[in-house]
Each structure stands twice: as C-alpha cells, then as structure tokens.
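> Structure, please.
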Amino acid sequence: MSRNLLDVSRGWSGQLDQFSTNPGGPWQLADSLAGTAMLEHRADEGYTGLQISFSLDFPPSTANRFEVELDLDSRSGKGGSTLLLGIGEAGSQDGLTALYSSPDGVAYSYYFWEGEYAQGAKRASWDIRLTATGIQINRIRSVEVVEIPWGDGNAGDLVVSGIRLICQYTVTRSRHFFIHHFYTNPDQDYFKVPEAGSIFISECRLQDMTSPDFVEIYTMQNFESCINGLRLEVNGKSLDLPPIGLRAGEHLLIVDPHQPLSETPDVPHIFLDLQNVDASSSVEIILFYFDRPVHGLRLLPSQRPQDGRTVEMMDVTQPCRTDNWALSKVETGTPGNENSWFTTLGDPEIQFRWQTPAIGLLVLPYLIFEVEPLENLVTVNREFSWDSWDYWGLTTLFFTDELDSSEEIQFQIKGPHGFCETRVSWDTSFVVHPPERGKDGGLLITEIMYEPLAGCPEFLEITNLEDIPTWWQGLSIQKNENDPIPIFVDGGWPPNQSRVFTSDQLSFLECYPETDIGLIHEIDLFPLNNNGATLTLQAIDPQMRIIDETIYYPGLHNFLIKNTAGVVLERNIFGNMGNKWRSGFVQFAYRSPGFLPVWDFSAGIEINFSTSIVYMNVDREPSQLQISVEAGSLDGSITIDIFDISGNKIQTLANAVPVQGGEEFFWTGKSPNGRLFPEGLYLFWIYYFDALGHKKTVKKTCVLSNN
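Next up, the predicted model:
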C-alpha cells in the first residue's frame, strides 16, 4: 500500500538536472554550483501520510537551508493550506522550523527540537501524518510526536496534494545532500515502528565463492505490519530496503541478484547487491530503522562461513546476545527456514581482557543501542577512564598508572540496564590480575610448518611457557637478516598457551579444523624456506631484546620419513631430551597447531582402541568401538570429542568423566538419540587431566563403514 516517490523521476518537475535521480533512491544533489535547487511533485491522489529520510552536511546558516513545503487541499473542494518545514536558520534556530497557513489565511509558526540539526543531519527521518486534530510529526527514532493543530479553520479533511523540496546550498556542501526515501503512507495504523530486537538478522552468508550470498531477517513481532525505512549497513555500505509487509514469525530474505538461490523459499525476498561489500576481514552488519539501530551482527575472520555454510543465530529468543552465533549444522544453511540450531543460551557472562598492564577491554554479552549511561553500572578499585561503548558491548578502560601483576583489580557491575530489547539487572563482581612484562625465554617458537600439503598455508606456533599471564610490547619475528614482521596479539597472553600465526586464516581453518579458532592469528608471515632459516622472536619494551632464537632445517626431521610434506617440526621443551626439534608425532597426524603434545607417551595414561573400523551393517563385526583407559598413579578426568573429516564436532562421548584406570567407553557410530552417522573417517580427540593439572592430548581415528 505504500509507494516510494523516488522510484521514478517523471512525477517530479523542477531542477532535475541538478540531481542524480536513481530509481528508488537515494537522490543526490550533484550540482557543483552554489544556489537553490527545487523539486516539485503533484500527487495523483491525496496523501494522508509521508515518510522522508535525508542527509545533509551543512550546519545551520542563512546560506544553507533545506525545506519541505506541502500543499494541503480539502477532499470536499474547500480552500487549502500549506505547511513549510525548514532546517538551516543561523543562530539558535538549529532545530525544525514549521510555518502552517490555515485555510482561513491565518499563519502559525512553530519551532521544534532545538539543537537537533546543529551540524547538519545524517539519515534524519520525519514521519508526517494528517490526523483529525492536526499535523503530527515524528523523528522516527524518537517516541516524541509533535503536533501542529489545524487552527480555527476546519482542516480535518485535508490531504497532501503537492510537495516541493527546496535546497539552498553553498558549493562546498552541494554534494552532501541526499534524499534516501520518500514514502507515502495511506494506512497509518498498518505501519509500525519496530522495537530493537523485535526484528533481527537471524542468518547470513557473505562473500562465499561456492554459494549464493544472502541475509535472513526474522520478526518476533506478534502482529502483522508494514515497515518503512529499514536498511542494512554492511561494513559501512548502506543498502536500503523497500517497505516490507511481514506477518508474525515470518522470515525475510535479502538475496544477491548476481547469485540467486537455487531454491527460493516461499517467504518475502528482496534482491540487493551484496557483492560490492568489503568483507575481506571482519564483517559488521547493522539493521537500521531509518537512523535508529535495531539489530546487528559482527563476524571476525575466524567466524566467517566457509564451503557453503552460513552463520546462524542459535537461540532466537535472545536475539541481542552477541555470543549467540555459530556455523550452521546444515552444509547449505537454512535460508528462509528455521535455523538448524535450536538451543538455549546459558547465563550471560561479562569478560575482561588485558591489552597492556594499563589498558583492558570490558566485554558485555549484549548489543548496546541505548544512550543510557553504562558508566553508572561499573565500579573499579583503581582510577581509570574509558572510551564510549560500541554497538557490540565493548569498551576500553585506561588505568591511570601501569599496574603491577600482584595487584587485585576488583570489578563490580551492578544495576539495571536495557541492552537492545532486553532489560538486564546486573549484580556481579570479579577480580583480575594485570599481566606481567614477559621475560627473555618466556615465549618460544614451538612448531614450524614450512612444507605444508598442497592448498594449505605455512604457519608458526609460539607458546607462553611462563606460569602467569604475560604482556609483550612491540612483539615481532624475523627470518635471517630480513625486516622483522610485527605480531599483533591481545595483552595478557595466558600461561602455557600456544598461538598459531599464518598468512591465511581461512585456509588454515580448512586444513587444520582441530585448532581452536581463538588461537589463530593472521599476519604478513614471510615464506618459510624449505632449506631452513634462523628465526628470531623479539620485543620492544622498552628496548629491542631477543626473546627466542632458533634454527630449523630439513635435517631435523626423522630420517625414516621419506616424504616430509605436511609434517611439522616440533620443539621438545619438556623432559630430558633438551631443547631440540623433531618431526611431529604420527598420533597427531604429524602436527599439533595450537596445543603442545605430550612427549613422554609412557607416563600418565594409555588409551587403547579395540578396532580401527566399526561396521554399520548388522551382519558385520565389530559393530562398536571400545575405548579402554589405563591411568597412571594419579586420578584424573577424561574428555572425548568426536569430529567428522571436515572438522565439525559431532559428539562428545565423555565430558570430564573421572577416571582411575580400567574405565571403558563405547561408540557404535550413533548419536545419543539413535541416529546413525554417515559413513566415513572420524577423528577422536581425547583430553586427560590429572590431579596435578597436567594435560595430555591424544588423537586417534576410526572408520565407520557400510561394507
């Protein structure tokens, strides 16, 4: 029922040559000459409601002004009136000025929203409605509605019969004026204002070379409505959506026309160009209602969909949780349908991550769209300042002084606050210790992949061997005498944690899916020579110092391995073998990026598999795998995770189960609900923790066969 007056330019007259009149908008003032440009539109039928969205980059002055003039005629043929809305007067007149001339010739002047347009306007929006009592104007993002009464004349039957847009401008500002939308609203009650979180992004796939791109939007409103003024902002690129009619619980698909879906579900869908979005690193998608954000999604490079998979919301009842996203369980995603995830999120957790001993990042697990001051929620026992919160619930804290690692920094978050659509009452506290400046030898290069398999990237692994979180300033790595390459990592490197550095994070995840994505860092890594090199790890704090220096060469590999492609060099940093290099263990597929394998396989625990093949055919044996545990002298716990060949975790067979030795676990190739997994190779990652906190990780494989 709504119509965008910018769909065609033939309904307009005036200085059309001074505008780029793109069908559907936005229309941009493209004239480089200073002066006045006017566009006029005559209505085929009277309008009782209008919505206009515009941007202008000129501050109020007598030289820069924007006006919307409406001719109001009576349905019964009586004399009409006019309404003139303007922005741009000098001095204190930096709000909206309104001049209404009634049918009996009396003029009334009004002034609203002082200071609203003092620096121009970015995506300003007006909703103008003719009602029985007067003309109502709303700024869209505000619940405040101002009304201009009809006056002495009986103007309750007036409709908008003509529109004039007048832009007076200086040459330096002419290219900064846009009209984004200009909708007519014949049925005011049908057009609803969506609340934050009531309509949201529920699934997406962007810049996937193998599958079409799309963004899925879902509405949790409990009524049918039409929504004007929705738009997506994807990494800064704005994509305007036309008026959309949505029923309660309905999906909306935004699809790239260059890559249409092979099967388009029977849901409303819109075609928008998603290909020109710069999504080479992280992806930030914000759903706006005019200039008011209502939902958003941010994906780091390690969270980007691959091989046709999508990113889906796991719990649609909590759309504003930022920890509510996962790769789809279905290989092609579920565009236009219920997501493949159906789970309930646990309690939200607040996190704090150090960047330096004096700077940290506070993370709230909710989207933040409201301006209510969050500062009143947070108290800390040390003096600090902080940045404003961003949409993703992040703020940076700057402590007045560099803190000592022995200090206890006490946080208390207490009080109510609205995060997106959710009202949360916080009452929590926690203590953190600042990281300590790392020592020479505290970080070691522990794994080198210089000859990967075809299609896989090279990588280095670096491990913090200190027993406390450490901080490094100006960390870099150097090959031979070449220029060092900076390594950018968050402060507070946890103790005994290994991190992986590669030049291609996405390819790395495809080749080594067993690695925790939070430990993978993409840097401009130099080529690792097949004939060897000297690698130097260094830091500046406060002067250049060498942290670690090592030499690798092919002769360090086990001489029994004839083809070393895909085999890493691992550093023995435990036991009595000394600080030397050797080939990766076959038990770990000749690599272990992101974790340190146990070198002494005779101590602690033994894991035995009864078979390497489990048959799905009921007439074949063995029909199950028996995993036997032989523990050492210390009690401990065991976790067994099972992955398919693509690296997707399909089942947790044991989760922190206490063991003393003699325990047995069985796998029949079926999920807990009895569903048989597909035929193929499966990887078993077995983690054992003894009573002293020592960790041992074992990797084994088993084939599920239908022969």
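
> Which residue would you name as the spatial centre of the chain?
Centrality entry for the chain: nearest residue to the mean C-alpha point is R298, 0.8 Å, by Cα atoms, centre = their mean.

> mind checking pLDDT for it?
In the prediction, the pLDDT value recorded for R298 is 88.

> Could you do P527 as well?
In the prediction, the pLDDT value recorded for P527 is 93.

> And for the one 4 residues further on?
The predicted local confidence for N531 comes out at a pLDDT of 90.

> Check the secondary structure at it for me.
Applying DSSP: H, G, I helix; E, B strand; the rest coil to N531 yields a three-state assignment of coil.

> what's near enough to touch the residue nearest to the centre of the chain?
Taking Cβ atoms under 8 Å, 6 or more residues apart in numbering as the definition of contact, the neighbours of R298 are 282-285, 322, 391-392. Every C-beta, even on glycine, is put in place using the N, C-alpha and C of the backbone.

> and T322, what does it touch?
With contact set as Cβ under 8 Å, 6+ apart, T322 has these partners: 298, 365-367, 392-393.

> Spatially nearest residue to W113 (excluding sequence neighbours)?
Using Cβ to Cβ, 6 or more residues apart in numbering and skipping the chain neighbours, the partner closest in space to W113 is G95 (4.2 Å).

> all strands of the stretch 551-700 of the chain, in order?
Here the stretch 551-700 of the chain has its strands, by DSSP state E, counting those that start in this stretch, at 569-572, 580-583, 605-609, 613-615, 625-631, 636-643, 649-659, 664-667, 680-690, 695-705.

> Of those, flag the one that's most buried.
Mean neighbour count, computed with mean count of other Cβ atoms under 10 Å, is highest for strand 569-572 among the strands of the stretch 551-700 of the chain, reaching a mean of 22.

> Pairing partners for that strand, with directions?
Taking DSSP bridges as the criterion, strand 569-572 pairs within the sheet with strand 443-449 (antiparallel), strand 580-583 (antiparallel).

> Looking at that strand now, give me its mean pLDDT.
Here the average pLDDT along strand 569-572 is 88.

> Contacts for that strand, please.
Residues from elsewhere that reach strand 569-572 (Cβ under 8 Å, 6+ apart): 444-450, 550, 552, 556-557, 578-585, 592, 597, 599.

> Repeat that for stretch 246-260.
Counting by Cβ under 8 Å, 6+ apart, 199, 202, 211-227, 232, 239, 241, 244, 261, 264-265, 267-275, 335-337 sit against stretch 246-260.

> Inside strands: which ones of these?
In strands, judged by DSSP state E, the following of the contacts of stretch 246-260 are found: 199, 202, 214-219, 225-227, 232, 239, 244, 269-271.

> okay, now the domains of the chain?
Using automatic domain parsing, the domain ranges for the chain come out as 3-189, 199-327, 351-432, 436-588, 605-705.

> T344 is nearest to which of the ones you listed?
Ranking these by distance to T344, with Cβ to Cβ as the measure, places domain 199-327 first at 5.6 Å.

> Now the terminal residues of the closest one, how far apart.
The first and final residues of domain 199-327 sit 21 Å from each other (Cα to Cα, to the nearest Å).

> what's the answer for stretch 381-392, then?
25 Å.

> how far is it from where the chain is centred?
Counting by Cα atoms, centre = their mean, to the nearest Å, stretch 381-392 is centred 20 Å from the centre of its parent chain.

> can you list contacts of it?
Counting contacts by Cβ under 8 Å, 6+ apart, the residues outside stretch 381-392 that touch it are 286, 293, 296, 298, 322, 362, 364, 367-369, 374-375, 395-400, 403, 407-410.

> confidence score at the residue of the chain positioned farthest from its centre?
If you look at how far each residue of the chain sits from its centre, by Cα atoms, centre = their mean, the farthest one is D104, at 56.3 Å. Confidence at D104, expressed as pLDDT, is 79.

> May I ask you to confirm that it is in contact with G80?
No - the criterion here is Cβ atoms under 8 Å, and D104 misses it with G80 at 11.3 Å.

> Which stretches in this protein count as helices?
Remark: helices of the chain, listed N- to C-terminal, are 505-511; assignment by DSSP state H.
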